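*Asks:* how would this look folded up:
(chains A and B)
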Amino acid sequence: AQSVTQLGSHVSVSEGALVLLRCNYSSSVPPYLFWYVQYPNQGLQLLLKYTSAATLVKGINGFEAEFKKSETSFHLTKPSAHMSDAAEYFCAVSDPKDDKIIFGKGTRLHILP
Amino acid sequence: DSGVTQTPKHLITATGQRVTLRCSPRSGDLSVYWYQQSLDQGLQFLIQYYNGEERAKGNILERFSAQQFPDLHSELNLSSLELGDSALYFCASSAGTGGHNEQFFGPGTRLTVL
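*Replies:* Have a look, this model is predicted:
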């Protein structure tokens, strides 16, 4: 069965600092991997996705993630945090043969002025 | 704006009651997904429909049911409601089937069971 683990339910970074949100997955087959963002009182929005092409995936709003098969990781990074990045971030995994997406518990990102 | 609409935005009801949540997918999308988001369980996949047919099932309780109509809108029916059913219910849509498809999420319906 597939699963996703997000390390840290809350992460705080200073404005302008590096953002690193950690995600590890478990899958018996090469997975599809996603990062979604949820702003307060809104639905989820896709940031980026990995579907077995390039291992370094660039997304919207300056975010990127690197698929590392040996570490079963798909960490999300952004070089310089903005106040507008404060939100909840969800890592998700799906089986290419399956329509179900399994979401992690989420990491709430706080940006300190 | 994702193009997915959900009604109502808020719903307050009592234990034992039945409610219906409605979702209209993005124009052209054939797949509709339902999710439940709560503080203790996180975001849980409930069920997916594709072009009117049930496609995948997740952690959906027997008290819950869904359907997708010929015009592709979907309804999630929750019956014999319990306090623990209080949550945000999201609908998402995608163009087709397959895990690679981006899902577009609606704004959600917040259900409060008193």
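*Asks:* quick one: the residue nearest the centre of chain B from chain A, how far?
*Replies:* What sits nearest the mean C-alpha location of chain B, by Cα atoms, centre = their mean, is B:Trp34, with 3.0 Å. To chain A, B:Trp34 is 12 Å away according to Cβ to the nearest Cβ, to the nearest Å. Every C-beta, even on glycine, is put in place using the N, C-alpha and C of the backbone.
*Asks:* phi and psi next, for that residue.
*Replies:* phi -120, psi 140 (degrees, to the nearest 10).
*Asks:* and it, how far is that from A:Tyr39?
*Replies:* 21 Å (Cβ to Cβ, to the nearest Å).
*Asks:* which residue ranges of the chain form strands?
*Replies:* You didn't say which chain, so I picked chain A. Along chain A, the stretches classed as strands by DSSP state E are A:3-7, A:10-14, A:19-26, A:32-38, A:44-50, A:56-58, A:64-68, A:73-78, A:87-94, A:101-103, A:107-112.
*Asks:* I was thinking of chain B, sorry if that wasn't clear
*Replies:* Using DSSP E, strands in chain B cover B:5-7, B:10-13, B:19-24, B:31-38, B:42-50, B:53-57, B:64-68, B:74-78, B:87-94, B:104-105, B:109-113.
*Asks:* what sits closest to residue 80 if chain neighbours are left out?
*Replies:* All of this refers to chain A. Spatial nearest neighbour of A:Ser80, chain neighbours left out: A:Gly16 (5.3 Å); criterion: Cβ to Cβ, 6 or more residues apart in numbering or on different chains.
*Asks:* look at chain B instead
*Replies:* Spatial nearest neighbour of B:Ser80, chain neighbours left out: B:Arg63 (4.9 Å); criterion: Cβ to Cβ, 6+ apart.
*Asks:* now swap in B:Ser65 and tell me
*Replies:* B:Asn77 (4.9 Å).
*Asks:* that neighbour contacts B:Ile60, doesn't it?
*Replies:* No. At 10.9 Å, B:Asn77 does not count as touching B:Ile60 under the criterion of Cβ atoms under 8 Å.
*Asks:* done for today, thanks.
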